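> Sharing a model prediction with you, sequence too.
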Amino acid sequence: MDSVYHIPAMLQETIEGLAIKPQGVYVDVTFGGGGHSRAILQRMDSIGDLSFDIGHLYSFDQDKDALQNAIEDERWTFVHSNFRYLRNWMDYYGVEHIDGLLADLGVSFHHFDCPERGFSFRFSAPLDMRMNQTAKRTAADIVNGYSEEELAKIFFLYGELKNGRGIAKNICKARSQKPIERTEDLVAASRIPAEMSKELARLFQALRIEVNDEMGALRDMLVAARDLLKPGGRIAILTYHSLEDRLVKNFLRSGNLEGTIEKDFYGNNLSPFTLIEKGREASAEEVERNPRARSAKLRVAEKK
Ligand SMILES: C[S@@+](CC[C@H](N)C(=O)[O-])C[C@H]1O[C@@H](n2cnc3c(N)ncnc32)[C@H](O)[C@@H]1O
């Protein structure tokens, strides 16, 4: 196992937000290093307890590396799958309703710290960035195959790079000479100076989001989670960049992907959720300890 596979962000706040029922059925759609999953299990009744009904936790991860953090516990099931198939998997396990769901979006430290996976501009590696190692499309396919316009759009939307258009142009010029196959080729082709590490991180983030269709998977999962949650059930989501945060915020406010707030005759909000946490950030003390928690935002809602 890695020395540190991942340090969970806002662990305490997230678990409190879920208001765990000791006999409930829970889903952690982003298992990673299992920090959040273990904390959920700790709050649930264990087999030795006197109760008849023992709860269960289903943890998803599309990266098989996460299995190295497997938990030996009868109350726990690992689902090696993209969380966009949440509904299908719950049907498969005969679960009609759940008491809570946690999503800690994005990648783990393990991804960034594993040179050969190509997630980081800090290491020389093939341009891969697939969370699911069996997926077909890599970052190199996108960098070499998308039109200049498509690349500009990704860089602007997913990387919030104001100069996305210029970077896309530089990349297309470079690839007309020779395919861009490695992380260092992309850094050179983008012409972003090495000292502008924030911009480089955003460029890599944008590609990662596209490679893994992170926004599409999030949309599918949100709808499935809304339909699976019992009244009183909680959904807790940790987001790490503004586009996904906006989607989650609007979804939890309205209960739909369009973010349209429907009202009844009397003007009451018909959203299926009551908001509990509205974008809480990590404490200064946590950010000091774990700088990668800096961009985390916690949103929690309860199903009405
Ligand atoms: C930020 S980490 C979660 C860390 C975890 N909360 C912990 O305590 O260690 C995100 C994890 O979710 C996984 N992941 C991201 N998107 C996914 C998706 N669409 N389906 C399944 N797993 C996904 C990643 O592979 C990664 O391991």
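Arrived safely. Note that the structure is a prediction, hence the values are computed from the model and not measured. Numbers count the residues shown, from 1 in each chain.

> Show me which residues of this protein sit near the ligand.
Residues of the chain found near the ligand (Cβ under 6 Å from any ligand atom) are 6, 8, 30, 32-36, 60-63, 66, 82-84, 104, 106-108, 131, 217. Every residue, glycine included, has its C-beta placed from N, CA and C.

> buried ones in the helix or strand harbouring residue 143?
Per DSSP states H and E: residue 143 is located in helix 139-145. Buried residues in helix 139-145, counting neighbours by 16 or more other Cβ atoms under 10 Å, are found at 139-140, 142-143.

> quick one on the thing from earlier: among the residues of the chain next to the ligand, which ones are in helices?
Using DSSP state H, the members of the residues of the chain next to the ligand that fall in helices are 35-36, 217.

> mind checking how far stretch 37-49 is from the chain centre?
24 Å (Cα atoms, centre = their mean, to the nearest Å).

> Tabulate the CA atom coordinates of that stretch in PDB.
Output in PDB follows, covering the C-alpha atoms of stretch 37-49 (Å, rounded to 0.1, in the frame of the first residue of the first chain):
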ATOM      1  CA  SER A  37     -16.100   4.800   4.600                       C
ATOM      2  CA  ARG A  38     -14.300   3.700   7.800                       C
ATOM      3  CA  ALA A  39     -15.700   6.600   9.700                       C
ATOM      4  CA  ILE A  40     -19.300   5.800   8.400                       C
ATOM      5  CA  LEU A  41     -18.900   2.100   9.500                       C
ATOM      6  CA  GLN A  42     -17.700   3.300  13.000                       C
ATOM      7  CA  ARG A  43     -21.000   5.100  13.400                       C
ATOM      8  CA  MET A  44     -23.100   2.100  12.500                       C
ATOM      9  CA  ASP A  45     -24.100  -0.800  14.700                       C
ATOM     10  CA  SER A  46     -21.700  -3.700  14.500                       C
ATOM     11  CA  ILE A  47     -22.500  -7.400  14.200                       C
ATOM     12  CA  GLY A  48     -22.100  -8.000  17.900                       C
ATOM     13  CA  ASP A  49     -24.700  -5.400  18.800                       C
END
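
> residue boundaries of the strands in the chain?
25-28, 56-60, 76-79, 98-104, 229-239, 273-281, 297-303 (DSSP state E).
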